[in-house]
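> Quick one, structure for this:
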Amino acid sequence: LVKRVARHAAPSRWRRSYTDLRSLTASLPPPFAMHTLEELNLRAGVLSARHMAPLAVVDDDPTGTQTVHSIPVLADWSVGELRSVLRESLPCFYILSNTRALPRHAACARAREIGSNLRVAAAMEGFDPDRQLAVVSRGDSCLRGHYPYETDALCEGLGWPEGKVCPPHSP
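Here you go, the predicted structure:
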């Protein structure tokens, strides 16, 4: 999950190495419980309303987008395409980056480009990218992707100095 957080947060916290599973799980926040699809839609809608812009979900693999319906899934993250979807009255939209299939340097370059294009498109549509734009990086719960490099690159493209919150996956 990528979201802008306070500037004093230490990004190095997420780069710590853990000696065992117990020390890793002890450092994580409590599990996020989601009971129904309606609750998920309501939470996305509330987040969207608070920020006055739809929630942008950047997905690193096509399997994540297979679980959604009635939500636009973009395979084109050009500024023009992003501007078009930002004009719609939606709680969220997905961007299929497919970065898990790429080597790290290419995945980071793509994430940086997506972040930069989101920032430009949001600004062109009248949204403040630092205050109104909310972005989630939906990656693999087993961390088979390019974490934390890809999320760092996405933040860099968005112009955000930092901003990662990593909820644990559901067992």
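> From here on, just use CA atoms for contacts and neighbour counts.
Fine.
> Could you pull up the contacting residues of the nearest residue to residue 129 once chain neighbours are set aside?
In space, and not counting its chain neighbours, residue 129 is closest to residue 119: 5.5 Å by CA to CA, 6 or more residues apart in numbering. Residue 119 makes contact with 129, 157, 158, 159, according to CA atoms under 8 Å, 6 or more residues apart in numbering.
> how far away is residue 147 from residue 154?
11 Å (CA to CA, to the nearest Å).
> Which one's more surrounded, those two?
The neighbour comparison of residue 147 against residue 154 (other CA atoms under 10 Å) goes to residue 154, with 29 against 16.
> close enough to count as contact, that one and residue 107?
No. With contact defined as CA atoms under 8 Å, residue 154 does not reach residue 107; the gap is 9.9 Å.
> just to revisit the earlier point, would you mind checking the average pLDDT for the particular helix or strand that has the residue nearest to residue 129 in it?
Residue 119 is located in helix 104-124, with elements delineated by DSSP states H and E. On average, the pLDDT along helix 104-124 is 96.
> Check which residues of that helix are buried.
Residues of helix 104-124 classed as buried by neighbour count (16 or more other CA atoms under 10 Å): 104, 107-123.
> Surely residue 124 and residue 83 touch.
Yes. Counting by CA under 8 Å, residue 124 touches residue 83, with 7.5 Å between them.
> Helices of this structure, start to end?
Along the chain, the segments classed as helices by DSSP state H run 21-26, 37-51, 62-65, 79-87, 104-124, 149-158.
> Tell me which of the ones you listed lies nearest to residue 138.
Across those, residue 138 has its closest neighbour in helix 62-65 (7.6 Å, CA to CA).
> what helices or strands is the closest one leaning on?
Counting contacts by 3 or more CA pairs under 8 Å, 6 or more residues apart in numbering; DSSP states H and E, helix 62-65 packs against strand 92-96.
> Which residue, other than its chain neighbours, is closest to residue 146?
If the residues on either side of it in the chain are set aside, residue 146 comes closest to residue 104, at 6.1 Å by CA to CA, 6+ apart.
> Now do the same contact list for that neighbour.
Per CA under 8 Å, 6+ apart, neighbours of residue 104: 146, 149, 150.
> need the helix or strand of this structure with the lowest average pLDDT.
helix 37-51 (a mean of 65; mean pLDDT, DSSP states H and E).
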